[in-house]
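Structure for the following, please:
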Amino acid sequence: MFKQLLQQITNTLEPGNSSPGLMQHDIERICAVLLVEIARSDHDVSDVERTAIVNALTQSSSLELTELEALVDEAFLDADNTLSLHEHVRLINETFAKEDKISLLEHMWRVAYADGNVDGYEEYTIRKLSDLLYIKHRDFMQAKLKVAEAH
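Coordinates of the predicted model:
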């Protein structure tokens, strides 16, 4: 399993792997892993949170629903085997514009609010990822309030 994970990381980082299809799939996978981390941070992943992850990915993906659900399943496996999110965050920082990062942040809040209760661990995880994504505190709070008002 570890060998497969290393191979997957190596394939992602190789310079020859810059084809648009592969890159888009990698970005979708990384976003799915980050959203899964939010859902898992309170140690209780509900079906509503899982649905929120699929809905978030639906907005930015051209994949079919069954493919997205498989991607989320893969993200849960990746999250179980991931030691650090820094590599995922680095790839987001290299490819996302500020607006895209804020949109991802809003999706994180939607996942956290999905079960009706934002746990302290969920907020902590979102805050840490927000810092790693170089999102200003003002934008962090605006995203939180925007999503909170919608619920």
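
CA atoms for contacts and neighbours, from now on please.
Fine.

Show me what counts as buried in the helix or strand where Gln59 lies.
Here Gln59 sits within helix 47-60, counting by DSSP states H and E. Counting neighbours by 16 or more other CA atoms under 10 Å, one finds that the buried residues in helix 47-60 are Glu49, Arg50, Ala52, Ile53, Val54, Asn55, Ala56, Leu57, Thr58.

Quick check: mean pLDDT of it?
Computed over helix 47-60, the mean pLDDT rounds to 90.

go on, stretch 24-34?
Mean pLDDT, stretch 24-34: 86.

sorry, back to before: going by distance to Arg138, which of the buried residues of helix 47-60 wins?
For the buried residues of helix 47-60, the minimum distance to Arg138 (CA to CA) is 22.3 Å, reached by Ala56.

The closest residue to the closest one other than its chain neighbours: helix or strand, and which one exactly?
In space, not counting the residues next to it along the chain, Ala56 is nearest to His107; the distance is 5.9 Å by CA to CA, 6 or more residues apart in numbering. Using DSSP H and E, the element containing His107 is helix 98-113.

Beyond that helix, next helix or strand please.
helix 120-132.

what's the angle between that next one and helix 98-113?
Inter-element angle recorded for helix 120-132 and helix 98-113: 170 degrees (by axes from the mean of the first three to the mean of the last three CA atoms, to 10 degrees).

Residue numbering should commence at 8 henceforth.
Shifting the count to begin at 8 puts that one at helix 127-139.

Quick one: residues in contact with the helix holding His114.
With CA atoms under 8 Å, 6 or more residues apart in numbering as the test, helix 105-120 has contacts from 38, 41-42, 45-46, 56-57, 59-60, 63, 99, 125-126, 129-130, 133, 137, 140, 142, 146-147, 150-151, 153-155, 158.

which of those are buried?
38, 41-42, 45-46, 56-57, 59-60, 63, 99, 125-126, 129-130, 133, 137, 140, 142, 147, 150-151, 154.

And the contacts of the helix holding Gln66?
Under the criterion CA under 8 Å, 6+ apart, external residues in contact with helix 54-67 comprise 35, 38-39, 42-43, 46, 72, 75-76, 79, 114, 117-119, 121-122.

and the residue nearest to Leu78 when sequence neighbours are not counted, what does it touch?
Take Leu78 and drop its neighbours on the chain: the residue closest to it by CA to CA, 6+ apart is Arg36, 6.6 Å away. Neighbouring residues of Arg36 by CA under 8 Å, 6+ apart: Leu78, Val79, Glu81, Ala82.
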